[in-house]
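Novice: Here is a sequence with its predicted model. Questions after.
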Amino acid sequence: MTFPIESVRSQFPSLATTDQGQRRIYLDNAAGTQVPQQTIDRIVDFFRRFNSNTGVFNPTSVEVDALYDDVVKALADFLGTSDPGEVLIGANMTTLTYQLSRSLAHQFSPGDEIIISRMEHEGNVTPWLQMAEDNDLIVKWLEFDRRTWRVEPALLQPLLTDRTRLVALNYASNLTGGVNDVKRLTAMAQAAGAMVYVDAVQYASHRLIDVTDLGCDFMACSPYKFYGPHLGVVFGKRARLEALHAYKLRCATDELPLRFSVGTPAFELIAGLMGTLEYFQWLASEMGVSGNRRALFKGAYAAMGEHEDQLSETLLAGLLAMPGVSIQGASSMAHRVATFSFTHSRHSASKIARQLSDAGVYCHWGDNYAYEVARALALDPQEGVLRLGIGHYNTVQEIEEALGLIESVLAVRSE
Ligand SMILES: Cc1ncc(COP(=O)(O)O)c(C=O)c1O
């Protein structure tokens, strides 16, 4: 069935927004996506009808409690677990990771080892480095292969010892777009007795997560990268979460998932997240998919992924044909998502980004907080890469227009 791009786009009001009459081409999706009307409606509805704190008898409060329950159930289906108690909602991925790293430190002893992959966004690096520093742990770096753009199992094996306690691993890089074989790497780490903390922030924008199949202990993602509000979500295996020392107020609940909810949650955003999850179900039904909620999420992601792959082929082919362009990532869609970074032999990333942005092509540049990746690739520390991130509401015409603009920017002889 053809992807219903026009009805998809009509669900996202911001796609029609202009800057002084100039249309926008959103290719900054790797940094954050636009939201559908369902998300906006849910947030407005929250403030209009049941803006309240939780836990008392007022009808509004009862409704907030029901909302939270509904959202963690829907998120459990989204992540692929049958236990909503395993779904933590917080401010963003980084905050949740800091929080859990502090809790996990209680289980580690001086001299224990942690492994951090070099493919990470800093959100899955600094919390662990600081945890290691505070607790006299040994940090080992897990390199990625510069040809495959992935962490190869053979690179992990020699780092694992009987002191390895944790492996921090990226699912998809927010700079190169490379996707790791998380299932295999997780099995190896766990066989050595280590836990695995996966950063799926970039992956979740493009492919559906299945925590049960992957077997990882923890997995983090950020709804604002998959068409939702600015929130973070972490899956943790129940046994792991229950065993953790929780940094929580003494009188706050010890029950999962609220055990790790510090202070009053952003209920209006959580309501908005429900709207995003409903949008995916709407998209699946547009594609003729039926079944339970998980089946609908699968249908929506399959359709979005296929559409994005087509756009990616066009973007990749166009960029590869431009003299002086070096793609910092794989040149084919195998084992990668639709996040593309490149450098140019003569033009700096910031200058290209400025000109594209002036022409209404939204993009990002720099190291994009993939600090270790940028250093491993010996990128200019000030400039980094020009990054284009495709979302499922982009069109082939937008990609072609963006390519035309990039070509004309790069064609200028002097910097
Ligand atoms: C791969 C990856 N991990 C982590 C983060 C940080 O997420 P958050 O802003 O939710 O803390 C980002 C944000 O760009 C990211 O792309």
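Specialist: Structure received.
Novice: how many neighbours does Asp136 have?
Specialist: As a burial measure, Asp136 scores 11 neighbours (other C-beta atoms under 10 Å). Any C-beta I mention is one placed from the backbone N, CA and C, and that applies to glycine too.
Novice: what's the closest non-adjacent residue to it?
Specialist: Take Asp136 and drop its neighbours on the chain: the residue closest to it by C-beta to C-beta, 6 or more residues apart in numbering is Pro110, 3.7 Å away.
Novice: wouldn't the one you found be in contact with Asn135 here?
Specialist: Yes: counting by C-beta atoms under 8 Å, Asn135 is a contact partner of Pro110 at 6.6 Å.
Novice: just the strands in the stretch 1-150 of the chain please.
Specialist: For the stretch 1-150 of the chain, the strands defined by DSSP state E, counting those that start in this stretch cover 18-19, 22-23, 25-26, 87-90, 113-117, 138-142.
Novice: Show me what from the stretch 201-350 of the chain comes close to the ligand.
Specialist: Taking C-beta under 6 Å from any ligand atom as the test, the list of the stretch 201-350 of the chain residues beside the ligand reads Val201, Gln202, Ser222, Gly232.
Novice: can you tell me how far the first one sits from Tyr371?
Specialist: So that's Val201. 15 Å (C-beta to C-beta, to the nearest Å).
Novice: Compare neighbour counts for these two and give me the winner.
Specialist: Comparing Val201 with Tyr371 by other C-beta under 10 Å, the one with more neighbours is Val201, at 28 against 18.
Novice: Can I take it that that one is in a strand?
Specialist: No: counting by DSSP: H, G, I helix; E, B strand; the rest coil, Val201 is not found in a strand; it is coil.
Novice: My guess is it contacts Pro223. True?
Specialist: No: with contact defined as C-beta under 8 Å, Val201 does not count as touching Pro223 (9.9 Å).
Novice: circling back to that earlier point, nearest to the ligand, out of the strands of the stretch 1-150 of the chain?
Specialist: strand 87-90 (9.0 Å; C-beta to the nearest ligand atom).
Novice: Kindly spell out which helices and strands sit in contact with that closest one.
Specialist: helix 59-79, helix 93-105, strand 232-236 (3 or more C-beta pairs under 8 Å, 6 or more residues apart in numbering; DSSP states H and E).
Novice: Is Glu383 in contact with Asn368, as I believe?
Specialist: No: if you go by C-beta under 8 Å, Glu383 and Asn368 don't touch, sitting 11.8 Å apart.
Novice: what about those two, which has more around it?
Specialist: Asn368 (23 against 20).
Novice: Which strands or helices does the longest helix anywhere in the chain pack on?
Specialist: Longest helix in the chain, counting residues (DSSP state H): helix 293-320. Here helix 293-320 is seen to pack against helix 59-79, helix 267-286, strand 325-327, strand 339-344, helix 396-411 when contacts are counted using 3+ C-beta pairs under 8 Å, 6+ apart.
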